[in-house]
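**Q** How does the following fold in three dimensions:
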Amino acid sequence: MRAVLDACVLYPSVLREILLGVAARGGFTPLWSARLLGEWQRAAARLGPEGEVIASGEIARLRADWPEAEIAADPSVESRLWLPDPADAHVLATAIAGQAACIITLNLRDFPPRALGPEGVRAQSPDDFLMAHWLEDAVRVESAVQEAHARTEAASGRAQDLRALLKRGKLPRLGKALG
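**A** The predicted model follows:
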């Protein structure tokens, strides 16, 4: 299955690392556009210059690790789409261009089923998406979570409660299931 990762799930790090960990283990094929990566970089820049530098490095690494993931949305397709937030039409256009089955986003209200259905796309929260994958293949998801958890603890230099970490990462159901 192919899935577009909205900018809001690419940033913050823990959520992105878990999603891409599941993808790296064969769970799905991640897709994004240059515009989505730019949105992530601008969001990180709000933290200051170091946030932008870190995001730039992460984006370069993503592009190197996933060279087939970046999809260019067709502007003519984008112009015919209607969503509650017109600025999100590029996300749906990216999904259409990449033949994605879903858009993984925290902003479900911006992607109503009546707008996505005719395009053969659905929107799903990362928590619901990962729970479905966990129910299908627990080892795949748990190993991705363990890897992201270990990275977070190494970066912070202290132990991190897994359930609290996943809750902060917008994955409360997965945290409850694994915690």
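**Q** Next up, the contacts around Gly175.
**A** 162-167 (CB atoms under 8 Å, 6 or more residues apart in numbering). All C-beta spots, glycine's among them, are computed from the backbone N, C-alpha and C.
**Q** Just the buried residues of those residues.
**A** Buried subset of the contacts of Gly175 (neighbour count, 16 or more other CB atoms under 10 Å): 162-163, 165-167.
**Q** any chance of these in CSV, plus distance to Val9, pLDDT and secondary structure?
**A** Formatted as CSV, the buried ones among the contacts of Gly175 follow (distance: CB to CB, whole Å; pLDDT from 0 to 100; DSSP: H, G, I helix; E, B strand; the rest coil):
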residue, distance to Val9, pLDDT, secondary structure
Leu162, 19, 94, helix
Arg163, 19, 95, helix
Leu165, 16, 94, helix
Leu166, 14, 96, helix
Lys167, 15, 94, helix
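**Q** Just flag the most distant two among these.
**A** Within the buried ones among the contacts of Gly175, Leu162 and Lys167 form the most distant pair, 9.6 Å apart (CB to CB).
**Q** Could you pull out the buried residues of the lengthiest helix in the chain?
**A** When the chain is parsed with DSSP state H, its longest helix is helix 138-156. By neighbour count with 16+ other CB under 10 Å, helix 138-156 contains the buried residues 140-141, 144-145, 147-149, 152.
**Q** Could you identify the pair within those that is furthest apart?
**A** The two members of those with the most space between them (CB to CB) are Arg140 and Thr152, at 19.2 Å.
**Q** Distance-wise, check the closest residue to Pro75 other than its chain neighbours relative to Glu78.
**A** Counting by CB to CB, 6 or more residues apart in numbering, Pro75 lies nearest to Ala93, which is 7.8 Å off, once chain neighbours are set aside. Going from Ala93 to Glu78 by CB to CB, to the nearest Å gives 4 Å.
**Q** Noted, bye for now.
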